[in-house]
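>>> Here's a sequence, model it:
(one chain, ligands or ions: 1)
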Amino acid sequence: MNNKSILASAQLWTGNTDTVTEKIHSALQTLFCPNNSCGSCTSCRNIQYHEHYATMWLEPEKSTYTVEQLDMVFEKISLQLDDNEHFFFIIQRADALGQTCSNKLLKPIEEPPPGYHFILATEHKHRLLTTIKSRCLEFSFSSTNEHPSYSALLNLLTSPRQISPVEFLQELDKAKLNEYESGDLLEQFYSFLSKQYLHNATQETQKKLAVVEQAMLKTPMPGSSSLFWKNLLLSL
Ligand SMILES: [Zn+2]
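Numbering: from 1, shown residues only. Down below sits the predicted model:
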């Protein structure tokens with residue numbers, strides 16, 4: 001990762017939390033460490049412990065962020081930075097922003113004052129508002145492809161032959177996807193269909209896209225993955 005990318009004003013880092021956190025540490029260390037991201041100087045250590053003066057790490061207080069939590073952000077960005085000074089807000093578990101906090105952040109994320117950067121981190125990209133996602137430069141460290149049963153499911157969905165709901169549900173049962181993973185799978189399926197449609201705009205693909213788009217609006221509730229996929233496959 002080069003410095004240019006960590007200096008984008010709005011960034012979305014997706015993937016396993018530990019991996020993403022580590023990647024953010026190392027990108028910030030590359031930027032701030034005077035010794036070529038040594039890992040042991042004060043700068044490097046402060047970044048590691050989330051105590052670096054040029055960073056503010058946020059995480060949801062309970063299950064979601066509160067508007068009050070964002071006050072610190074607004075207070076900070078009201079202060080003008082010196083030329084060449086940089087400050088990073090790292091919004092961990094950005095999927096927990098919810099509608100209200102997301103909307104409050106839209107403006108600063110789109111047009112932060114000079115020197116301010118927003119890093120949104122999440123394992124569940126599909127839960128973020130599209131308006132937020134579309135404003136961010138994305139860095140993906142997705143490990144979902146390493147999940148063997150997960151790829152099997154995606155292969156079934158994207159196979160050129162008719163999807164057999166029975167076969168799919170058996171595979172789904174083995175994979176034991178939670179509702180978040182189901183959402184990720186759905187998102188990958190959607191992206192596959194979009195590409196297919198760009199390549200060859202058939203009515204069939206268009207219909208499938210519409211079905212998946214609808215499904216993405218109401219991703220499965222905990223424990224209801226099977227039913228969710230069954231209904232989806234039957235309407236494809
Ligand atoms: Zn260092």
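>>> Output the helix or strand harbouring residue 150 as PDB, restricted to C-alpha atoms.
Following DSSP states H and E, one finds residue 150 within helix 148-158. Provided in PDB are the C-alpha atoms of helix 148-158 (Å, rounded to 0.1, in the frame of the first residue of the first chain):
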ATOM      1  CA  PRO A 148     -14.200 -23.300   1.200                       C
ATOM      2  CA  SER A 149     -17.900 -23.900   1.600                       C
ATOM      3  CA  TYR A 150     -18.500 -20.300   0.800                       C
ATOM      4  CA  SER A 151     -16.800 -20.600  -2.600                       C
ATOM      5  CA  ALA A 152     -18.800 -23.700  -3.200                       C
ATOM      6  CA  LEU A 153     -22.000 -21.800  -2.600                       C
ATOM      7  CA  LEU A 154     -20.900 -18.900  -4.900                       C
ATOM      8  CA  ASN A 155     -19.900 -21.500  -7.600                       C
ATOM      9  CA  LEU A 156     -23.400 -22.900  -7.400                       C
ATOM     10  CA  LEU A 157     -25.000 -19.500  -7.700                       C
ATOM     11  CA  THR A 158     -22.900 -18.400 -10.600                       C
END
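>>> List the buried residues of that helix.
150, 153, 154, 156, 157 (16 or more other C-beta atoms under 10 Å). Where you see a C-beta, it was placed from the backbone N, CA and C, and this is true even at glycine.
>>> next one: stretch 29-39
Those would be 29, 30, 31, 32, 33, 37, for stretch 29-39 by 16+ other C-beta under 10 Å.
>>> If we check the ion, which of those are in contact?
Counting by C-beta under 5 Å from the ion, residue 33 from these sit close to the ion.
>>> and which of the buried residues of stretch 29-39 is nearest to the ion?
Nearest to the ion among the buried residues of stretch 29-39 is residue 33, at 3.2 Å by C-beta to the ion.
>>> need the contact list for that closest one.
By C-beta atoms under 8 Å, 6 or more residues apart in numbering, the contact set of residue 33 is 39, 41, 43, 44, 47.
>>> and the ion, which of the buried residues of helix 148-158 contact it?
Checked against the ion using C-beta under 5 Å from the ion, those yield no neighbours at all.
>>> Please convert the residues you listed to a markdown table, extending it with pLDDT.
Below are these laid out as a markdown table (pLDDT from 0 to 100):
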| residue | pLDDT |
| --- | --- |
| 150 | 77 |
| 153 | 89 |
| 154 | 88 |
| 156 | 90 |
| 157 | 91 |
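>>> Restricting to the contacts of residue 33, which residues neighbour the ion?
The residues of these that also fall near the ion, by C-beta under 5 Å from the ion, are 41, 44.
>>> Alright, that wraps it up for me.
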